[in-house]
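Asker: I'll drop the sequence and a predicted model, then ask my questions.
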Amino acid sequence: MRKLYFAVPGLGGKFACGGLWAELKTLKLAQAVCEAEVVTYRQREAGTLFLDDLLQKPYLEDCIFVISWGFDINFLAKKLAAYPVIYHAHSTGYSLRLPPQVPIITVSRNSLGYWGQKSPNSLIYYLPNHISEEFYNQHQERDIDVLIQARKSSTYLLQQLIPALKSQCNLVLVDSYVDDLAALFNRAKVYLYDSAEYWAQQGVSEGFGLQPLEAMACGCQVFSSVNGGLSDFLDPGFNCYKIAAVALEFDVQRILQTVQSPPQYQLAEAILADYRREAIIQRLQCILQEINLFFDHQRPGLTPIPGLDPGRLWHLRLQQCWHKVQRKLRHA
């Protein structure tokens, strides 16, 4: 297989976020399948390749660049147009229009459907994010009634729901980096997550939603929004509760009742298995084999399949209208 270069803007600092950590975890998993290395393109890092330097080297046709940073995709796709490229799509909603020569690997089925409509002539695959093995239910006493992470939380959650709950239960709001999130989830009875407002403001989707799935793996009862990639695994009424259900008082009642009652939902290990290391490596190996075969067959003179660009859609709509007119004239 071709060597993979995972292109990220930097390895920390202002680029530190869940998307970067998820991409670096995917790099580690890819190294179990083929040669893979990280390369930065905005921030130089000690001991790490820098993209502009790498592009000066010969024989890069025997590698594949993996790009993922949403706001930089158009820039990177243009910069790397002469090389095999994969787009590892964490979210949807960016103003992207990729050529069909760029295969797309999505982290959620929600994103899979989005790209299936937006880029119907591309190779598109589904590769979920990895839920690390330290996220499991330790079956210990839970001293936190309600756990919330401030980042991505809605104003409703922060300004209305938290004040309403605070005097009635032991509530912990986390607003800084946590070294051992699995340990924290194992201390909490209920975890609240409401990101729909945050992502609507950003103009992009919730790509996966690691924290609710990690919390469920640790035995938390989860109240969450079900926007974007969260809809892949959240099933309100069966493995979680839908948060922000019409009225504040209804949310408060359900959350306090859940705190006081034995756990109602347990995430089946069979579901979690799809997000564990072994399953993801098997899926990644299959995907990369097919993508390598695809790049082996790329050559000048191939017959392109018509896409769904705005010009062609306009032509198809006109054609449809004309056919309707013709049918009416025939039956007049």
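Answerer: Happy to help now that I have it.

Asker: all strands for the stretch 151-300 of the chain, in order.
Answerer: 171-174, 188-193, 221-224, 241-242 (DSSP state E, counting those that start in this stretch).

Asker: In JSON lines, list these along with mean pLDDT, distance to V107 and mean neighbour count.
Answerer: In this view, the C-beta of every residue, glycine as well, is placed from N, C-alpha and C. Below are those laid out as JSON lines (pLDDT from 0 to 100; distance: least, Cβ to Cβ, whole Å; neighbours: other Cβ atoms under 10 Å):
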{"stretch": "strand 171-174", "mean pLDDT": "96", "distance to V107": "24", "mean neighbour count": "16"}
{"stretch": "strand 188-193", "mean pLDDT": "98", "distance to V107": "17", "mean neighbour count": "25"}
{"stretch": "strand 221-224", "mean pLDDT": "97", "distance to V107": "17", "mean neighbour count": "25"}
{"stretch": "strand 241-242", "mean pLDDT": "96", "distance to V107": "22", "mean neighbour count": "18"}
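
Asker: Mind checking the ones you listed for the one nearest to Y136?
Answerer: Shortest separation from Y136 across the strands of the stretch 151-300 of the chain is recorded for strand 188-193, at 14.4 Å, computed as Cβ to Cβ.

Asker: For the closest one, which outside residues touch it?
Answerer: 142, 144-149, 152-153, 157, 161, 172, 185, 209, 211-212, 215, 220-225, 243, 255, 258-259, 263 (Cβ atoms under 8 Å, 6 or more residues apart in numbering).

Asker: do the same with stretch 252-270
Answerer: 137, 145-146, 161, 164-165, 168-169, 189-190, 192, 216-217, 219, 221-223, 238-241, 245.

Asker: Against R283, how distant is the nearest residue to A279 once chain neighbours are set aside?
Answerer: In space, A279 comes closest to A273 once its chain neighbours are excluded; the distance is 5.8 Å by Cβ to Cβ, 6 or more residues apart in numbering. Applying Cβ to Cβ, to the nearest Å, the value for A273 to R283 is 12 Å.

Asker: and what of P304?
Answerer: Taking Cβ to Cβ, one finds P304 at 29 Å from R283.

Asker: Next: Q298.
Answerer: 23 Å.

Asker: Please verify my assumption that R187 contacts D145.
Answerer: No: if you go by Cβ atoms under 8 Å, R187 and D145 don't touch, sitting 10.1 Å apart.

Asker: the more surrounded of the two?
Answerer: D145 (19 against 16; other Cβ atoms under 10 Å).

Asker: Within the helices and strands, which one has the more buried one?
Answerer: Using DSSP states H and E, D145 sits within strand 144-149.

Asker: Specify the angle between that strand and strand 188-193 in degrees.
Answerer: Inter-element angle recorded for strand 144-149 and strand 188-193: 30 degrees (by axes from the mean of the first three to the mean of the last three Cα atoms, to 10 degrees).

Asker: Adjacent strands (with direction) for strand 144-149?
Answerer: strand 171-174 (parallel), strand 188-193 (parallel) (DSSP bridges).

Asker: Switch these over to TSV; also include distance to N74.
Answerer: Below are the strands paired with strand 144-149 laid out as TSV (distance: least, Cβ to Cβ, whole Å):
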stretch	distance to N74
strand 171-174	35
strand 188-193	31
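
Asker: Tell me which of those strands lies nearest to P310.
Answerer: strand 188-193 (36.4 Å).

Asker: average pLDDT for the strand holding D145?
Answerer: Taken as a whole, strand 144-149 carries a mean pLDDT of 97.

Asker: got any ranges where the stretch 151-300 of the chain has weak pLDDT?
Answerer: By pLDDT under 70, the stretch 151-300 of the chain has no low-scoring segment.

Asker: if you set the cut-off to 90 instead, what comes out?
Answerer: Residue ranges of the stretch 151-300 of the chain with pLDDT under 90: 176-179, 202-204, 245-246, 263, 266-271, 297-300.

Asker: Tell me, how many residues neighbour K14?
Answerer: Neighbours of K14 using other Cβ under 10 Å come to 9.

Asker: Model confidence for it, exactly?
Answerer: On pLDDT, K14 comes in at 87.

Asker: swap in the one 4 residues further on?
Answerer: The model reports G18 with a pLDDT of 81.

Asker: Show residues contacting stretch 108-125.
Answerer: Against stretch 108-125 from outside (Cβ under 8 Å, 6+ apart): 89-92, 97-98, 100, 102-106, 126, 128, 205, 207-208, 228-229, 231-232, 287, 290-291, 294, 304-308.

Asker: That stretch: which residues count as buried?
Answerer: 108, 110-112, 114-115, 119, 122-125 (16 or more other Cβ atoms under 10 Å).

Asker: Just the helices from the stretch 151-300 of the chain, written as ranges.
Answerer: Secondary structure of the stretch 151-300 of the chain (DSSP state H, counting those that start in this stretch): helices located at 155-156, 162-166, 181-185, 196-202, 210-217, 248-260, 269-273, 277-296.

Asker: now the last one, how far from the chain's geometric center?
Answerer: So that's helix 277-296. Remark: helix 277-296 is offset 18 Å from the chain centroid, using Cα atoms, centre = their mean, to the nearest Å.
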